[in-house]
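1. Provide a 3D model corresponding to the input given below.
(chains A, B, C, D, E and F)
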There are 4 protein chains.
Amino acid sequence: MNKVILAGRLATDPEVRYTQTGKAVASFRLAVNKRFSRDQQNTADFFTIIAWQKLAEICGNNLVKGSQILVDGYLQVRNYDAQDGSKRYVTEVVANDIEFMGSRPANHADNNYAGTPSASGTSSQSTAPKNQPAASSPASSFGSELPPDEEIPF
Amino acid sequence: MNKVILAGRLATDPEVRYTQTGKAVASFRLAVNKRFSRDQQNTADFFTIIAWQKLAEICGNNLVKGSQILVDGYLQVRNYDAQDGSKRYVTEVVANDIEFMGSRPANHADNNYAGTPSASGTSSQSTAPKNQPAASSPASSFGSELPPDEEIPF
Amino acid sequence: MNKVILAGRLATDPEVRYTQTGKAVASFRLAVNKRFSRDQQNTADFFTIIAWQKLAEICGNNLVKGSQILVDGYLQVRNYDAQDGSKRYVTEVVANDIEFMGSRPANHADNNYAGTPSASGTSSQSTAPKNQPAASSPASSFGSELPPDEEIPF
Amino acid sequence: MNKVILAGRLATDPEVRYTQTGKAVASFRLAVNKRFSRDQQNTADFFTIIAWQKLAEICGNNLVKGSQILVDGYLQVRNYDAQDGSKRYVTEVVANDIEFMGSRPANHADNNYAGTPSASGTSSQSTAPKNQPAASSPASSFGSELPPDEEIPF
DNA sequence: TTTT
DNA sequence: TTTT
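-> All right, here's what the predicted structure looks like:
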């Protein structure tokens, strides 16, 4: 069992990229308020969140810096080579599911993808409004897919 | 909300150290089997687990490499200065609670500490058996304490 | 391990009562939207949430029907005697922690209670505004207490 | 968000039934040790766990009374008509995922079902050993299915 | 490097 | 750097 649940606000806009095979990957930083800051200031911890495929696109189309969300995912260690040739490790949270919080009706998006995304990465939702975070289509959502083992393009 | 739940086996023996003020800190690596390894080998992810105070001592006295546990905790980013002067970040899981799994009666330990540990770090449980992971005293366990903001001594 | 995490909106105002020993208990119903309603209507499941002591009072002072919250708690079966003399069982969620969601700065309340509540149940926060859910005092919050085994007064 | 995580031991053997359309449903009672029993006895809470389809069959084939498991699921209220005509409600935990704990290599089973179960309910795994809880086939496990809204046959 |  |  490997489970992470985080509630917080986006500290960055989501960045959506596409792998060579056309799979969407979103990433952003999430600010999670610390529970007890010793100095009574409301500090936060910052984590990198990764979302794949349909969920990635929903993030790209519906979230902006400041959006309040609830992430359900798992911890993952990713290794990469630093410029100095050494191996470096980063721990990220891969989202299985994201709930949009806040005043408007909570959206709900699952990391599922029934259709076949075009390899170019043009998403059917790419014209969705972004700064007016309307409800995304509520995710038909049967079947979850294996996160690709291709390199994450960032 | 910042919650992590991991089930796995210790990949290292726990290492227990003491801060200047005598607070115990345990750390170890936890191997969490990946759910779907593409190559069908049973690979794992490895995470660093931190436990404080009474829970740290219970870990030191009851866990060894290979022990199967269930960790309930939270994600924390810790930053330190690399040898080359640059800032480096590590993400760790701070345990609030650890359950001991396996064949013998499940222990249960909470990150609580009623007494005052001697600053020398000599623990009242320091003579407890280690390789014969008997049940630790079942944690009277009222009250949880703030994790210290002193430097973790490793 | 016994953990429940629910996000939803209050379906009722919280009801706060006091045990004979003066411990506050709040209860309310939480509407949690179902993920996949077959008929595409946004139906919900309804669960009873119980909060004790300081957390109960924070609920009573800050939550109203419609409030959006995140509950971290555990499942509990409670049995009582039905009018016909038979034993009846109810499953409830006892909150350890509740986060207030929505547009204003997220509050954070822990089920902790440092002071000694007067047996009359008069809370220091009993005059706090209710329909203008301002931030409660952010829970100094060291130490969590055992939920009482006295009868819940409802 | 509606999440439940329970660790415990089966208090009953799993009972597997089949709906009219041939979907397998398993149910059993799980004993979850209470954290702090006031009387220091190690009492437990008992919850009903429901599993569907492939996961139901894996439960039926691999679990027995006493098996130690980790359940990841969600809370569900089910209503039925009592003999006296009144409406009665039960709260159950529907498993998305069950991990088998204990001494032997942890199994891992997902609530996924790629194939089409015969309406008769004869499972491809129905001859698997039961009292010698060997590892079930490790769940190819792409795609999770909607829990049926047919009546649970018990 | 950071959100409200 | 790694557990079964």
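2. Isn't A:Thr48 up against A:Val94?
-> No: no contact is recorded between A:Thr48 and A:Val94 when judged using CB atoms under 8 Å, the distance being 9.8 Å. Just so you know, the C-beta spots here come from the backbone N, C-alpha and C atoms, and that holds for glycine as well.
3. Counting neighbours around each, name which of these two comes out higher.
-> A side-by-side neighbour count of A:Thr48 and A:Val94, using other CB atoms under 10 Å in any protein chain shown, places A:Val94 first with 22 against 19.
4. so what's the more buried one up against?
-> For A:Val94, the contacting residues are A:49-52, A:73-76, A:147, taking CB atoms under 8 Å, 6 or more residues apart in numbering or on different chains as the criterion.
5. C:Asn33: which of those is nearest?
-> Sorting the contacts of A:Val94 by distance to C:Asn33 puts A:Gly73 at the head of the list, at 19.5 Å, by CB to CB.
6. Let me know the distance separating the residue lying closest to the closest one once chain neighbours are set aside from DNA strand E.
-> Closest residue in space to A:Gly73, ignoring its immediate chain neighbours: A:Ala95 at 4.2 Å, by CB to CB, 6 or more residues apart in numbering or on different chains. Using CB to the nearest atom of the strand, to the nearest Å, A:Ala95 is found at 17 Å from DNA strand E.
7. Strand partners (parallel or antiparallel) of the helix or strand encompassing A:Ala95?
-> Mapping A:Ala95 onto the secondary structure by DSSP states H and E places it in strand A:87-100. When sheet partners are counted by DSSP bridges, strand A:87-100 sits next to strand A:44-52 (parallel), strand A:68-81 (antiparallel), strand A:108-110 (antiparallel).
8. Make TSV from these and add mean pLDDT to it.
-> Formatted as TSV, the entries for the strands paired with strand A:87-100 read as follows, by pLDDT from 0 to 100:
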stretch	mean pLDDT
strand A:44-52	96
strand A:68-81	92
strand A:108-110	58
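9. Can you check which of these gets nearest to DNA strand E?
-> Between DNA strand E and the strands paired with strand A:87-100, the tightest spacing by CB to the nearest atom of the strand is seen for strand A:44-52, at 3.3 Å.
10. ok, residues contacting that closest one?
-> The contact list for strand A:44-52 (CB under 8 Å, 6+ apart) reads A:6, A:8, A:11, A:14, A:23-34, A:58-59, A:71, A:73, A:76, A:90, A:92-95, A:98, A:111, A:145, A:147-148, A:152, B:2, B:75-77, B:91.
11. any bit of the strand holding A:Ala95 sitting next to DNA strand F?
-> Yes: among the residues of strand A:87-100, A:87, A:89 lie within reach of DNA strand F under CB under 7 Å from any atom of the strand.
12. Report the buried residues of that strand.
-> Within strand A:87-100, the residues that count as buried by 16 or more other CB atoms under 10 Å in any protein chain shown are A:91-100.
13. same deal with stretch A:67-80?
-> By neighbour count, and taking 16+ other CB under 10 Å as the criterion, the buried residues in stretch A:67-80 are A:67-76.
14. same deal with stretch A:16-27?
-> Of the residues in stretch A:16-27, those buried under the neighbour-count criterion (16+ other CB under 10 Å) are A:16, A:18-19, A:23-27.
15. pLDDT on stretch A:86-101, on average?
-> Stretch A:86-101 carries an average pLDDT of 91.
16. Can you list the low-confidence ranges for chain A?
-> Along chain A, the model assigns pLDDT under 70 to residues A:36-41, A:103-151, A:154.
17. go again using 50 as the cut-off
-> When residues are selected by pLDDT under 50, those of chain A lie in A:104-107, A:113-129, A:131-146, A:148.
18. Pull up the residues of it that are close to DNA strand E.
-> A:8-12, A:29, A:31, A:33, A:42-44, A:46, A:65-66.
19. List just the nearest of those to chain B.
-> Here the nearest of the residues of chain A next to DNA strand E to chain B, counting by CB to the nearest CB, is A:Phe46; it sits at 6.6 Å.
20. roughly how far apart are that closest one and D:Gly8?
-> A:Phe46 sits 35 Å away from D:Gly8, taking CB to CB, to the nearest Å as the criterion.
21. Verify the stated contact: the residue nearest to A:Gly73 with A:Ile58.
-> No: A:Ala95 is beyond contact range of A:Ile58, at 10.2 Å (criterion: CB under 8 Å).
22. before we move on, the earlier item: which of A:Phe46 and D:Gly8 has more neighbours?
-> Neighbours per residue, other CB under 10 Å: of A:Phe46 and D:Gly8, the larger number sits with D:Gly8, 24 against 13.
23. now the residue lying closest to that one once chain neighbours are set aside, what's its secondary structure?
-> For D:Gly8, ignoring the flanking residues on the chain, the nearest one in space by CB to CB, 6+ apart is D:Val32 at 3.9 Å. Here D:Val32 takes the strand state, with states given by DSSP: H, G, I helix; E, B strand; the rest coil.
24. give me the number of residues near A:Ser86?
-> By other CB under 10 Å, the residues close to A:Ser86 number 9.
25. Next: A:Gly66.
-> Each residue near A:Gly66 was counted by other CB under 10 Å, and the total is 13.
26. Contacts only, for it.
-> If a contact means CB under 8 Å, 6+ apart, then A:Gly66 has A:9-10 as its contacts.
27. related to what we said a few turns ago, look at the residue nearest to D:Gly8 and say how many residues are nearby.
-> Other residues lying near D:Val32 total 20 when counted by other CB under 10 Å.
28. Run through the residues that contact it.
-> C:1-2, C:75, D:6-8, D:44-47.
29. Apply 6 Å and report the result again.
-> D:Val32 is in contact with C:2, D:6, D:8, D:44-45, counting by CB atoms under 6 Å, 6 or more residues apart in numbering or on different chains.
30. Same question for A:Met101.
-> Residues counted as contacts of A:Met101 (CB under 6 Å, 6+ apart) are A:68, A:70, C:101.
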